[in-house]
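1. turn this into a model:
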Amino acid sequence: MTLYQYFSLINVQARMLLKADASKFKLGFMWWFLEPLMWVGVFYIVFSLILDTGRKSGDFIFFLACGKFAFIWFSKTVIQASGSIVASQGLIGKVNMPKSLWPMSGIQESLYRQSSVYLLLLVILLIGGVSPNAGWLLLLPIAAVMYLLIVTCGLIGACLVCIARDFQKFIPLGMTFLLFTSGIFWDVRDIPNQDKAEMLLTVNPLAFLLHCHRQVLLYNETPDMAHLLSLAAICCALIGLTVLYMRRYSQYLALKVLT
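-> All right, here's what the predicted structure looks like:
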């Protein structure tokens, strides 16, 4: 299979997954927008109205939207991609296809969906009175690195679940851990110890990328581009190594899925 055929097949499968997902529900494609909006609403009620964090209502909604919209993309996609090979065990036993095809199809589907969600985020910010500026264009490289991180975690997760199904239990727990440690509803800049804040942004790439979203869209700041590029390089290296592993041990992974 050539690279062109590989990516064409991923694109076709991703589009089919989009249509299949929308056909499951009466509201169809509207759930792409309703789900992140409802999550932001829940977090706003809990942390702003009930716990009364002291933030201005509008600012906190924008803060939550920037973090939660991106986090949902990461968490849902990685969980879906991690279980995609096991979920396709019927096909795995009949056709010899690259094992990365299944997680990549789900990841590509989520990319198409997230592009609409990002547009919704920008509309919310504009309606809320946030002034657009040239710095918003930096959202493109930030989203690209976010995509690379998702591909990295999704492919590694898919391999781990093939080897041991127990990882299907651990991965959602890991997402819950990241939910509370990545600055979704609290600001990394509020950590009193700046050394601890820097360490968090270094060891938790998701926290760094969510902070980058807010720097560009809310604070009119330029993110640490050196950190962003180094993260992209690490993700590319890990993606390459994981794809090579999946090719070399394709039959082993298929056997683990079927048994």
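
2. what's the one helix or strand D21 maps to packed up against?
-> Assessed by DSSP states H and E, D21 sits inside helix 3-23. Applying 3 or more Cβ pairs under 8 Å, 6 or more residues apart in numbering; DSSP states H and E, one finds that helix 3-23 contacts helix 101-127. C-beta coordinates here come from the backbone N, C-alpha and C atoms, glycine included.

3. quick one, what contacts the spatially most central residue of the chain?
-> What sits nearest the mean C-alpha location of the chain, by Cα atoms, centre = their mean, is F74, with 1.6 Å. Neighbouring residues of F74 by Cβ atoms under 8 Å, 6 or more residues apart in numbering: 146, 149-150, 153, 178, 206.

4. pick out whichever of these sits closest to M16.
-> Within the set of these, I150 lies nearest M16; the separation is 19.8 Å, counting by Cβ to Cβ.

5. got the contact list for the closest one?
-> Contact analysis of I150 by Cβ under 8 Å, 6+ apart lists 73-74, 77-78, 81, 107, 110.

6. which two from these end up farthest apart in space?
-> Distance extremes for these: the farthest pair is W73 and A81 at 11.9 Å, using Cβ to Cβ.

7. more neighbours: the two, which one.
-> Ranked by neighbour count (other Cβ atoms under 10 Å), W73 and A81 place A81 first, with 29 against 21.

8. rewinding a little: quick one: pLDDT of the residue nearest to the centre of the chain?
-> F74 carries a pLDDT value of 96.

9. please, which helix or strand holds it?
-> With secondary structure defined by DSSP H and E, F74 is part of helix 57-82.

10. packing partners of the helix or strand that that helix is followed by?
-> Proceeding C-terminally, helix 57-82 gives way to helix 84-87 as the next helix or strand, assigned by DSSP H and E. Under the contact definition 3+ Cβ pairs under 8 Å, 6+ apart, helix 84-87 sits against helix 101-127, helix 139-163, helix 250-258.

11. just the buried residues of the helix holding F74, please?
-> Neighbour counts over helix 57-82 (16 or more other Cβ atoms under 10 Å) mark 60-82 as buried.

12. kindly report the same for stretch 115-122.
-> Of the residues in stretch 115-122, 117-118, 121 count as buried by neighbour count, 16+ other Cβ under 10 Å.

13. now the residue nearest to the centre of the chain: how far from W39?
-> Distance of F74 to W39, given as Cβ to Cβ, to the nearest Å: 13 Å.

14. can you list the buried residues in the worst-scoring helix or strand of the chain on mean pLDDT?
-> The helix or strand of the chain with the lowest confidence, counting by mean pLDDT, DSSP states H and E, is helix 89-92 at a mean of 77. Residues of helix 89-92 classed as buried: I92 (neighbour count, 16+ other Cβ under 10 Å).

15. which residues of this structure score low on pLDDT?
-> 52-58, 93 (pLDDT under 70).

16. which residue of it sits farthest from its center?
-> Counting by Cα atoms, centre = their mean, the extreme residue of the chain relative to its mean C-alpha position is K94, 30.7 Å from that point.

17. show the backbone phi and psi for G128.
-> The phi/psi pair for G128 (degrees, to the nearest 10) reads phi -80, psi 0.
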